[in-house]
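Q: structural data only, the sequence is not supplied:
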């Protein structure tokens, strides 16, 4: 009996995942509805266009020289430098930035490479400290700008982690 219930559950899940229109509607309505399953998905908040504009300007002035004008990161960013420092990673969807929560990313911007000093992660970072250089509003705006460039599917996946 247990196997039969599991089998029907898998069939229902597969049927729900084969309905792309329902998934698109879910972003707006928060619910994916099928004949047998209702799944809640967090709706994406409306973007703060002023914060995105500010973040883009701050990013261009303080971040693009290392992380790239198009958020592409430093060439060969997965390979450490000879001094054991990490290269500047991309902040577009090809990198790992979207894998981290906002508190971690905000700390990375504020503390730069200093945040790694007491961690044993196999390397260091030459990223400067932006605390005292950028306001909290500017730091948050940079993160808002970066996240605004990610594909919607990536933003939704990150929100639902």
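A: All right, it came through fine. These numbers were taken from a predicted model, which means no experiment stands behind them.
Q: okay, CA-based contacts and neighbour counts for the rest of this
A: Will do.
Q: report the contact partners of residue 150.
A: Shown in contact with residue 150 (Cα atoms under 8 Å, 6 or more residues apart in numbering): 92-93.
Q: show me where this protein has its strands.
A: 31-33, 38-40, 85-86, 124-125 (DSSP state E).
Q: which elements pack onto the third one?
A: Where contact means 3 or more Cα pairs under 8 Å, 6 or more residues apart in numbering; DSSP states H and E, strand 85-86 is packed against strand 124-125.
Q: for the strand it packs on, the averaged confidence score.
A: For strand 124-125, the mean per-residue pLDDT is 90.
Q: mind starting the numbering at 54 from now?
A: Renumbered: residue one is now 54, and that last one reads strand 177-178.
Q: helices along the chain, start to end?
A: 55-70, 73-82, 102-115, 117-120, 155-164, 189-201, 205-212 (DSSP state H).
Q: what's the separation between the closest residue to residue 202 other than its chain neighbours and residue 196?
A: Closest residue to residue 202 apart from its sequence neighbours, by Cα to Cα, 6 or more residues apart in numbering: residue 145 at 6.8 Å. Plainly put, residue 145 is 12 Å away from residue 196 if you go by Cα to Cα, to the nearest Å.
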